[in-house]
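# predicted model, plus sequence, below.
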Amino acid sequence: MSMQDPVHEKSARPRAFRLDDTHVRLSDETADAFRKQGGTIIEPQPDAFLSVTEPGLPIALDTEEGAIEVAQKRGLLRRTFVSWAGLFWSAAGGLAALALGLWFDRLLRDLFDRSTTLGTIGLALAGFALLSLIVVLVRELTAIYRQTHIARLHIGLAEARAADDREAARTRVGELAALYANRPQTATARALLKELVHEIVDGRDLIDIAERNLMLPLDEEARREIATAAKRVSVVTAISPRALLDVLFVVAQAMRLMRRIAEIYGGRPGFLGVIKLARSVASHLAITGGMAVGDSLVQQVLGHGIAAKLSARLGEGVLNGLLTARVGLSAMAVCRPMPFGAERPPGVRDVAPFLFNEKKKD
């Protein structure tokens with residue numbers, strides 16, 4: 001009876017992969033044999049954040065997904081507010097709360113001095129105000145927790161898909177279906193996933209099925225919201241008489257669009273939740289270079305002859321519409337509970353084609 005090498009006692013779980021997968025590294029002998037049979041070796045993507053071919057190593061994430069997760073960690077998943085700005089707002093908020101408390105104390109004392117009845121009424125109203133404040137705070141914290149859960153679910157599904165982890169995929173897909181349990185329009189998709197969750201062996205295939213059946217209707221709704229907001233911004237800013245009104249309107253529409261997209265994907269952001277979401281969207285725009293609309297988009301606009309045909313005000317409306325659409329796409333990326341895998345992520349041209357009116361052929 002021979003003793004086994006302790007290094008090989010724990011063997012890796014069998015895995016299936018394609019030889020032309022961009023994240024698979026072949027040995028020199030295997031690559032030469034594959035080429036002799038007419039195969040084409042696709043080198044691993046140089047822009048990948050991480051690369052993995054063996055169990056236990058970091059999971060491969062492409063550049064786009066890496067940017068989304070970095071943006072989520074800077075906003076939606078950020079727990080600490082340890083910064084000079086956070087310290088300032090915390091101190092200012094504490095002083096405001098103390099001032100408000102002293103004002104209420106003086107008011108109640110004055111009311112009791114005038115009349116016991118007035119003092120009782122004032123005390124009751126103060127109690128109702130305090131109760132309402134507590135309810136609002138609980139709702140805010142619940143909304144933040146829900147949005148954080150969606151962001152973590154996104155990261156979990158991305159890792160499960162990249163690693164083709166069957167058990168992780170089943171767990172995450174179950175959480176995804178539970179997220180939309182209260183939406184009747186997702187009943188058919190949820191029933192299908194419940195039926196297939198133990199039948200599909202490949203984890204990546206299960207996640208792709210969930211994306212095609214559960215996410216596509218929500219993606220279409222988000223696209224419609226982005227298109228509507230971009231069209232509204234482009235029209236209003238084109239006819240607005242004041243630049244200040246343009247800025248206020250664009251900011252208001254961007255905040256409303258981010259909140260609406262979060263609601264479509266299952267979030268319910270309040271005031272604090274929208275602030276965290278805006279931070280994630282701003283980080284995603286900064287990472288992907290979308291805040292300045294992008295040279296390629298500007299070149300496309302100029303290439304279609306829009307700048308030459310339209311007035312300056314209409315040109316500003318088009319650019320503001322492009323920026324609004326880009327903000328909506330970033331919100332869509334960070335609010336979506338799963339990454340784009342089976343489906344291609346939409347671009348500005350996909351959600352707002354009316355901003356790229358090509359010159360009609362004679």
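Okay, I see it. Keep in mind the model is a prediction, meaning the values are calculated, not measured. Residues are numbered from 1 along each chain as shown.
# buried set for whichever strand or helix holds Leu245?
According to DSSP states H and E, Leu245 maps onto helix 243-264. For helix 243-264, the neighbour count (16 or more other C-beta atoms under 10 Å) marks 246, 249-250, 253-255, 257-262, 264 as buried. C-betas here are computed from N, CA, C, even on glycine.
# out of those residues, the closest to Ile287 would be?
Nearest to Ile287 out of the buried residues of helix 243-264 is Met258 (C-beta to C-beta; 16.7 Å).
# ok, for that closest one, nearest residue in space, not its chain neighbours?
Ranked by C-beta to C-beta, 6 or more residues apart in numbering and with sequence neighbours excluded, the top spatial neighbour of Met258 is Ala331, at 4.4 Å.
# got the buried residues of helix 243-264 as CSV, with pLDDT and distance to Thr324 columns?
Supplementary listing: the buried residues of helix 243-264 in CSV, determined by pLDDT from 0 to 100; distance: C-beta to C-beta, whole Å:
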residue, pLDDT, distance to Thr324
Asp246, 80, 12
Phe249, 88, 10
Val250, 88, 7
Gln253, 91, 6
Ala254, 91, 6
Met255, 93, 11
Leu257, 93, 7
Met258, 93, 11
Arg259, 93, 14
Arg260, 93, 12
Ile261, 94, 12
Ala262, 93, 16
Ile264, 93, 16
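# if we can go back for a sec, how near is the residue nearest to Met258 to Ala243?
25 Å (C-beta to C-beta, to the nearest Å).
# burial measure for Phe271, as a count.
Residues contacting Phe271 under the criterion other C-beta atoms under 10 Å number 11.
# these two touch, right, it and Glu140?
Yes. With the criterion set as C-beta atoms under 8 Å, Phe271 and Glu140 qualify as a contacting pair; they are 6.7 Å apart.
# please enumerate the helices of the stretch 1-150 of the chain.
Taking DSSP state H, counting those that start in this stretch as the criterion, the stretch 1-150 of the chain contains helices spanning 28-36, 63-74, 84-114, 116-163.
# quick check: angle from the last one to helix 243-264?
Put plainly, it is helix 116-163. Per axes from the mean of the first three to the mean of the last three C-alpha atoms, to 10 degrees, the angle that helix 116-163 makes with helix 243-264 is 70 degrees.
# and helix 116-163 with helix 63-74, angle?
Following the same axes, to 10 degrees, one obtains 150 degrees for the angle between helix 116-163 and helix 63-74.
# thanks a lot, see you next time.
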